[in-house]
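A.B. asks: Sequence and predicted structure, then a few things I'm wondering about:
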Amino acid sequence: MSHAVRTAAIAVALFATAAVSSCAGVQSAQSPAMPAIAQPSPTQQFNDADVQFLQQMIVHHQQALMMARMAAARAANADVKQLAGQIEQEQAPEIEQMSTWLQQWGKPVPSMGPGMAMPSMSPPMGHGMMPSMRPMPDMGPMQNMSGERFDQMFLQMMIAHHEGAIAMAKAELATGANPAVKQLAEKIQASQSAQIEQMRQMLGATPSPTR
């Protein structure tokens with residue numbers, strides 16, 4: 001290779017190296033490496049009110065399912081049987097969803113034993129927190145009833161039971177933090193308010209004002 005050719009080759013190589021370095025410098029200046037921003041998980045956005053609401057509502061729903069299943073076997077009125085079926089269809093999946101959320105948060109999932117006793121909740125509920133859940137209705141007399149007498153007792157007890165759930169849902173909406181739990185509370189409040197009106201009409205009572 002002649003001296004002139006070698007000189008030209010070296011010049012071309014040096015030019016190419018400089019061009020690549022220049023492009024790399026421009027690319028680095030235009031597209032600096034950005035640190036990844038960790039997005040908070042929705043399951044981590046909760047407070048004590050959310051946990052207490054879910055724990056209490058699971059037990060509350062389990063009580064309603066016991067009453068609904070009793071109505072399926074003992075009620076005489078077709079509308080009462082249909083309502084009992086609707087309550088079970090709505091609340092059984094909600095129990096599963098609420099249990100899943102508590103498990104995701106590492107919180108205890110309450111269960112109802114043979115005596116259906118209300119499990120203890122901790123920490124104690126203070127001012128502005130979830131209201132205490134009403135005691136489990138005494139279903140003893142219902143076990144000896146059937147027909148119209150059972151229907152009337154079931155409706156009266158389920159109205160009172162739904163009113164307790166609505167009070168709990170309102171407290172969650174006021175003090176809870178998790179959007180999904182608050183959305184569930186809104187659903188429970190709307191559904192059970194409508195069912196209360198339906199049951200009052202079945203009993204022949206005057207519908208209450210809109211809640």
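C.D. replies: Nice, I can see it.

A.B. asks: Just confirm A64 is within a helix.
C.D. replies: Yes. A64: assigned to a helix according to DSSP: H, G, I helix; E, B strand; the rest coil.

A.B. asks: tell me the contacts of it?
C.D. replies: I87, Q91, M158, H161, A165 (C-beta atoms under 8 Å, 6 or more residues apart in numbering). C-beta coordinates here come from the backbone N, C-alpha and C atoms, glycine included.

A.B. asks: Try it again at 10 Å.
C.D. replies: A64 makes contact with 84, 87-88, 90-92, 95, 137, 157-158, 161-162, 165, 192, according to C-beta atoms under 10 Å, 6 or more residues apart in numbering.

A.B. asks: Q62: which of those is nearest?
C.D. replies: I95 (6.7 Å; C-beta to C-beta).

A.B. asks: and the gap between the residue nearest to E163 when sequence neighbours are not counted and M202?
C.D. replies: Nearest residue to E163, sequence neighbours excluded (C-beta to C-beta, 6 or more residues apart in numbering): I196, at 6.9 Å. Counting by C-beta to C-beta, to the nearest Å, the gap from I196 to M202 is 11 Å.

A.B. asks: Likewise for V59?
C.D. replies: Counting by C-beta to C-beta, the gap from V59 to M202 is 26 Å.

A.B. asks: if we can go back for a sec, taking the contacts of A64 one by one, which sit in helices?
C.D. replies: Applying DSSP state H to these, the entries found in helices are 84, 87-88, 90-92, 95, 157-158, 161-162, 165, 192.

A.B. asks: Tell me where the protein has helices.
C.D. replies: Secondary structure of the chain (DSSP H): helices at 3-30, 48-74, 78-105, 140-143, 147-175, 179-203.

A.B. asks: Comparing these, which comes out most buried?
C.D. replies: Most buried of these, by mean neighbour count (mean count of other C-beta atoms under 10 Å): helix 48-74, with a mean of 21.

A.B. asks: what angle separates it from helix 179-203?
C.D. replies: Using axes from the mean of the first three to the mean of the last three C-alpha atoms, to 10 degrees, the inter-axis angle of helix 48-74 relative to helix 179-203 is 30 degrees.

A.B. asks: Low-confidence regions, the chain specifically.
C.D. replies: In the predicted model, the chain carries pLDDT under 70 at residues 1-44, 112-141, 143, 205-211.

A.B. asks: mind running it again at 50?
C.D. replies: For the chain, the stretches flagged by pLDDT under 50 are 2-40, 114-129, 205-211.

A.B. asks: Are there residues contacting both of I196 and M202? Which ones?
C.D. replies: By C-beta under 10 Å, 6+ apart, the residues touching both I196 and M202 are L155, I159.

A.B. asks: which outside residues touch stretch 184-194?
C.D. replies: The set of residues external to stretch 184-194 that reach it, using C-beta under 10 Å, 6+ apart, is 50, 53-54, 57, 60-61, 64, 86-87, 90-91, 94, 97-98, 101, 158-159, 161-174, 176, 178, 208, 210-211.

A.B. asks: Just the C-alphas of that stretch, formatted as PDB.
C.D. replies: Output in PDB follows, covering the C-alpha atoms of stretch 184-194 (Å, rounded to 0.1, in the frame of the first residue of the first chain):
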ATOM      1  CA  LEU A 184     -68.100  -1.500  47.700                       C
ATOM      2  CA  ALA A 185     -69.500   0.500  50.600                       C
ATOM      3  CA  GLU A 186     -71.500   2.600  48.100                       C
ATOM      4  CA  LYS A 187     -72.800  -0.500  46.400                       C
ATOM      5  CA  ILE A 188     -73.800  -2.100  49.700                       C
ATOM      6  CA  GLN A 189     -75.600   1.100  50.800                       C
ATOM      7  CA  ALA A 190     -77.500   1.500  47.600                       C
ATOM      8  CA  SER A 191     -78.500  -2.200  47.300                       C
ATOM      9  CA  GLN A 192     -79.500  -2.700  50.900                       C
ATOM     10  CA  SER A 193     -81.400   0.600  51.000                       C
ATOM     11  CA  ALA A 194     -83.500  -0.600  48.000                       C
END
